[in-house]
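**Q** what follows is a predicted protein model with its sequence.
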Amino acid sequence: MDPPRPMVGDPGAVAEVAEISLEHGEMRVLSPVSHICFKSNATFTKFTRGYELDNTPFLPSPSRNHFTVIGCNTLGLIGANLTTFEVKFEMNQSKVWDFNPCFYAMVAEVGWYNFRQQDLTGSLGFINDRAQGGAPIIADWAIRNGSCPEEGKGAPNDYACISANSHSMAANNGPGYLCQCSKGYEGNPYLLNGCQDTDECALRKQDTKYEDLYPCRKGVCHNTLGGYLCKCKTGRRSDGTNFGCQSLHSPAEKLVIGLIVCVSATVLITLTCMLLMQFQRKRHKKEKDEYFKQNGGLKLYDEMRSRQVDTIRILTEKEIKRATDNYNEDRVIGRGGHGMVYRGTLDDQKEVAIKKSKAINDDWREEFVNEIIILSQINHRNIVRLLGCCLDVDVPMLVYEFVSHGTLSEFLHGAAPRSPIPFDLRLKIATQSAEALAYLHLSTSRTILHGDVKSANILLDDQLNVKVADFGASALKSMDESEFIMFVNGTLGYLDPESFISRRLTDKSDVYSFGVVLLELMTRNRAIYSDSFNGKESLSYSFPLMFHQKTHHVMLDSEITDDAGLVLLENMAELAVHCLSQRGDDRPTMKEVAERLEMMRRLHLHGNNAPENNRGAHNYGGSSSVLVPFNEKTHGTIDMSELVEDLAR
């Protein structure tokens with residue numbers, strides 16, 4: 001058996017031992033139930049099991065067991081003081097087989113069996129439902145080949161009670177004796193030093209049931225060997241028993257004393273609370289001041305005065321808590337590995353997005369103020385504006401303008417049914433996003449690298465204009481292109497493989513990630529999507545591969561193949577693939593990408609507004625477009641006048 005279980009009995013008649021009690025000299029065994037089952041043709045199956053306890057230390061307990069039979073019109077008989085027991089079924093009961101096919105007989109522990117009508121029905125129904133392991137029998141056991149030592153005489157050599165603090169008692173069923181630990185001790189009296197002191201005081205603490213077993217009313221319990229003492233507390237005396245105490249004072253005296261104590265305690269507690277609150281306020285203010293100083297608050301004030309910056313607002317944590325209803329979960333509009341974003345309402349009723357980060361790099365604290373100043377001066381219609389910050393906390397919080405229409409990822413990949421998105425809107429989103437990133441790269445005193453460009457970080461306002469957001473992974477870079485200050489921390493599916501290998505962030509890393517966003521707009525697939533075989537595919541790998549095999553048109557969203565010209569789509573696909581070049585030096589700059597997308601947008605608008613006789617060069621699904629030539633060396637720099645002249649012709 002696994003795990004092993006103790007068994008008792010001769011081979012062929014063994015029973016499982018379920019429990020052994022040293023204190024009471026009992027053993028509980030599980031014995032199979034004897035039964036006979038009849039069928040309609042008067043045939044039957046039978047199994048009988050009794051017990052033979054001759055020459056063993058075990059005797060069935062006459063007070064703890066019942067002989068029980070189950071069946072219709074059935075009578076069971078058993079004698080007294082039996083050490084050998086065998087079950088016999090004497091009558092043929094096949095006439096009632098249809099509603100009572102099986103009859104059972106067993107010796108079982110008192111209280112184990114309660115009759116149920118369904119025990120009469122079904123073939124072996126009672127055994128299958130309730131007695132598969134057998135019925136429990138209580139067997140008394142004792143040291144049968146001896147007796148308790150006579151008073152005044154020593155114990156014989158084979159005396160079993162060998163532990164100190166133990167004694168023997170006559171068996172209550174049959175000859176022999178049992179060993180028990182003396183009062184105040186517990187354990188195994190059949191082993192040397194098996195009886196150990198009972199810690200009554202510890203038991204009182206463990207369970208309230210021991211408080212009645214070991215009373216110590218209104219006193220203090222002290223454990224002793226073989227017992228315990230109940231000592232009265234100060235102001236109490238013994239109540240005349242060994243286990244109780246009573247008060248030295250009358251009820252009136254206790255009332256006066258109680259009132260004095262209560263008033264004194266109230267005054268003391270009030271003073272203590274006032275002092276503690278004052279101390280906490282001072283410590284809290286000191287802690288806030290330390291955080292403010294540690295996070296560059298003083299330096300930020302100086303920089304704001306010297307540079308005359310008035311676009312940034314420094315908020316306190318108290319203001320942030322008011323704005324977010326104390327960081328209410330209902331206010332959460334975004335969460336990720338870096339922290340949480342809450343929708344907040346400032347005291348002037350202005351709606352904002354508050355970014356609460358989980359941690360901050362201590363090395364970054366030195367640059368934090370400079371980044372705040374530079375980011376606050378960003379003024380581009382397609383970039384989420386930084387409105388303020390909170391510095392009197394362990395991890396600084398940033399406050400941005402709130403953009404109401406959600407993310408581009410939700411717009412493209414939201415729950416079905418998906419709304420159609422026209423090509424001109426997709427091209428507008430792509431152009432505005434590229435212009436915003438180009439602005440970050442080129443239009444400030446220090447290059448700002450986004451570092452985590454993805455559709456989830458491109459927000460849309462009510463007019464579906466782009467707002468590039470989430471500079472949680474952004475970094476400032478000096479004008480020296482060889483100096484990088486941050487490890488790459490992008491998102492799977494958008495991450496530039498060259499930056500991942502070198503562990504350094506460049507402006508071409510943003511270009512690569514933007515190429516994936518372009519493919520999302522063209523295919524309406526996620527960066528990591530499921531193919532027709534439910535396997536995971538990466539847009540940045542599968543689309544360029546199909547582009548070079550000239551089979552990429554099957555990946556384009558059918559909504560735009562009828563809305564955009566074939567040549568324009570090919571040109572846009574070529575731009576995306578170029579952004580995804582493995583080597584950063586082979587990719588265009590964000591400025592070049594933005595210029596090229598703006599040309600495509602103008603050409604698409606011009607083509608849609610052109611007269612019918614000018615729409616014929618390249619037609620795909622009814623609309624026309626003009627191919628924008630691409631030059632590997634100039635990364636897409638194009639003479640706009642020549643294209644417009646070609647279009648006019």
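**A** The structure has been received and is ready for your questions.

**Q** lowest-pLDDT helix or strand in this protein?
**A** Across the helices and strands of the chain, mean pLDDT, DSSP states H and E gives its lowest value to strand 619-620, namely a mean of 30.

**Q** isn't residue 492 up against residue 536?
**A** No: using CB atoms under 8 Å, residue 492 is not in contact with residue 536, being 10.4 Å away. (Glycine included, C-beta is placed from N, CA and C.)

**Q** joint contacts of those two?
**A** Taking CB atoms under 8 Å, 6 or more residues apart in numbering as the criterion, residue 492 and residue 536 both touch residue 528.

**Q** separation between residue 193 and residue 165?
**A** 9 Å (CB to CB, to the nearest Å).

**Q** I should have written residue 134 there, sorry.
**A** On the measure of CB to CB, residue 134 and residue 165 end up 38 Å apart.

**Q** and what of residue 277?
**A** 58 Å.

**Q** more crowded one of these two?
**A** The neighbour count for residue 277 versus residue 165, taken as other CB atoms under 10 Å, is higher for residue 165 (19 against 10).

**Q** could you give the backbone dihedrals for that one?
**A** Main-chain torsions, residue 165, degrees, to the nearest 10: phi 60, psi 40.

**Q** now do the contacts for residue 456.
**A** Residue 456 sits next to 407-409, 470, 491 when contact means CB under 8 Å, 6+ apart.

**Q** which one among those sits at the bottom for pLDDT?
**A** Among the contacts of residue 456, residue 470 carries the lowest pLDDT, at 78.

**Q** count the residues that sit near the nearest residue to that one once chain neighbours are set aside.
**A** Of all residues not flanking residue 470 in the chain, residue 457 sits nearest, at 4.2 Å (CB to CB, 6 or more residues apart in numbering). Neighbour count for residue 457, taken as other CB under 10 Å: 26.

**Q** and residue 457, how far from residue 165?
**A** Per CB to CB, residue 457 is found 77 Å from residue 165.

**Q** do the same with residue 214
**A** According to CB to CB, residue 214 stands 18 Å off from residue 165.

**Q** residue 448 now?
**A** Distance of residue 448 to residue 165, given as CB to CB: 83 Å.

**Q** cool, residue 534 as well?
**A** 73 Å.

**Q** likewise for residue 109?
**A** Residue 109 sits 32 Å away from residue 165, going by CB to CB.

**Q** assess the claim that residue 323 and residue 346 are in contact.
**A** Yes: in this structure, residue 323 is within contact of residue 346 by CB under 8 Å, at 5.4 Å.

**Q** which residues does residue 181 form beta bridges with?
**A** Going by DSSP bridges, residue 181 is paired in beta bridges with residue 166.

**Q** need the pLDDT of it.
**A** If you check residue 181, the pLDDT there is 93.

**Q** list the residues that contact it.
**A** If you count contacts by CB under 8 Å, 6+ apart, residue 181 has them with 163, 165-166, 187, 189, 194-195.

**Q** let's see it at 10 Å
**A** Listed by CB atoms under 10 Å, 6 or more residues apart in numbering, the contact set of residue 181 reads 22-23, 161, 163-167, 187-189, 194-198, 226.

**Q** tell me the helices in the stretch 151-300 of the chain, going along the chain?
**A** For the stretch 151-300 of the chain, the helices defined by DSSP state H, counting those that start in this stretch cover 200-206, 209-213, 251-294, 297-307.

**Q** residue 118: which of those is closest?
**A** With respect to residue 118, and counting by CB to CB, the nearest of the helices of the stretch 151-300 of the chain is helix 209-213 at 36.9 Å.

**Q** CA atoms only for the closest one, dumped as PDB, please.
**A** Presented in PDB, the C-alpha positions along helix 209-213 are these (Å, rounded to 0.1, in the frame of the first residue of the first chain):
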ATOM      1  CA  LYS A 209     -11.800  24.200  26.500                       C
ATOM      2  CA  TYR A 210      -8.900  23.700  28.800                       C
ATOM      3  CA  GLU A 211     -10.000  26.600  31.000                       C
ATOM      4  CA  ASP A 212     -12.600  24.400  32.600                       C
ATOM      5  CA  LEU A 213     -10.300  21.400  32.700                       C
END
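
**Q** quick one: low-confidence ranges for the stretch 301-450 of the chain?
**A** Scanning the stretch 301-450 of the chain with the threshold set as pLDDT under 70 gives 309, 336-338, 359-367, 416, 444-445.

**Q** leaving out sequence neighbours, find the closest residue to residue 80.
**A** residue 62 (7.1 Å).

**Q** pretty sure that neighbour is in contact with residue 82, am I right?
**A** Yes: between residue 62 and residue 82 there is a contact under CB atoms under 10 Å: 9.4 Å.

**Q** who has more neighbours, those two?
**A** Taking neighbours as other CB under 10 Å, residue 62 and residue 82 compare with residue 82 leading, 16 against 12.

**Q** which element, helix or strand, includes the more buried one?
**A** Using DSSP states H and E, residue 82 sits within no helix or strand.

**Q** since that was my last question, I'll sign off now.
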